[in-house]
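Q: my questions are about this predicted structure, shown below with the sequence.
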Amino acid sequence: MIGSNLLERRSKPERIADQAWRHLTSAVNSAGDSVRDTARSARLNGLTFADDAGDLVGGAAEEARRRAVLAFDALAGRRPALPWALLIGAALAGAAIGWAAGSAARAVGSRSDRDPDDIEFVDVDRPNSPAGLDT
């Protein structure tokens, strides 16, 4: 009660100043919270944007570095290395395709219903054949 009596006994300008001070501190605190939230949101969005940009720039930098090394090697007279992984992969793929084709051909040959001795040859009379092949 003593504090409330003291507040009531102040002059009108002091009460207005006190009320204005309270409004000001409330507004500053509210603005600070708003700025903090905005800054946090901007920081998170900025980090996401920076991460995406970093990935893009990192990829471009890696490609530029690779091309620079190739250009330097070309200027130095060095030939590029053979792509051994690609060559070995192509050889393995070719071997697999050849094996599959051979297996399929053997399978088709073994399934034949005819015996090779059962093949009939037909004589055809060809008129006017040269060198007497018809006789």
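A: Ah, there it is.
Q: the lengthiest helix in the chain - contacts with which helices or strands?
A: Identified as the longest helix of the chain according to DSSP state H is helix 12-75. Using 3 or more CB pairs under 8 Å, 6 or more residues apart in numbering; DSSP states H and E, no helix or strand is in contact with helix 12-75. Every residue, glycine included, has its C-beta placed from N, CA and C.
Q: after it comes which helix or strand?
A: helix 84-110 (DSSP states H and E).
Q: list the buried ones in that next one?
A: Using 16 or more other CB atoms under 10 Å as the test for burial, helix 84-110 gives no buried residues.
Q: pLDDT on that helix, on average?
A: Averaged across helix 84-110, the pLDDT comes to 90.
Q: same thing with stretch 67-77?
A: Averaged over stretch 67-77, pLDDT sits at 87.
Q: what comes up buried for that stretch?
A: For stretch 67-77, the buried set under the neighbour-count rule, 16+ other CB under 10 Å, is empty.
Q: now do it: distance to the chain's middle.
A: 27 Å (CA atoms, centre = their mean, to the nearest Å).
Q: dump it to PDB, restricted to CA.
A: Taking Å, rounded to 0.1, in the frame of the first residue of the first chain, the C-alpha atoms of stretch 67-77 are listed here in PDB:
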ATOM      1  CA  ARG A  67      39.600 -28.600 -66.900                       C
ATOM      2  CA  ALA A  68      42.500 -26.500 -65.700                       C
ATOM      3  CA  VAL A  69      44.500 -29.700 -64.900                       C
ATOM      4  CA  LEU A  70      43.700 -31.100 -68.300                       C
ATOM      5  CA  ALA A  71      44.700 -27.900 -70.000                       C
ATOM      6  CA  PHE A  72      48.000 -27.700 -68.000                       C
ATOM      7  CA  ASP A  73      48.700 -31.300 -69.000                       C
ATOM      8  CA  ALA A  74      48.000 -30.600 -72.600                       C
ATOM      9  CA  LEU A  75      50.300 -27.600 -72.600                       C
ATOM     10  CA  ALA A  76      53.000 -29.700 -70.900                       C
ATOM     11  CA  GLY A  77      52.700 -32.300 -73.700                       C
END
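Q: sounds good, over and out.
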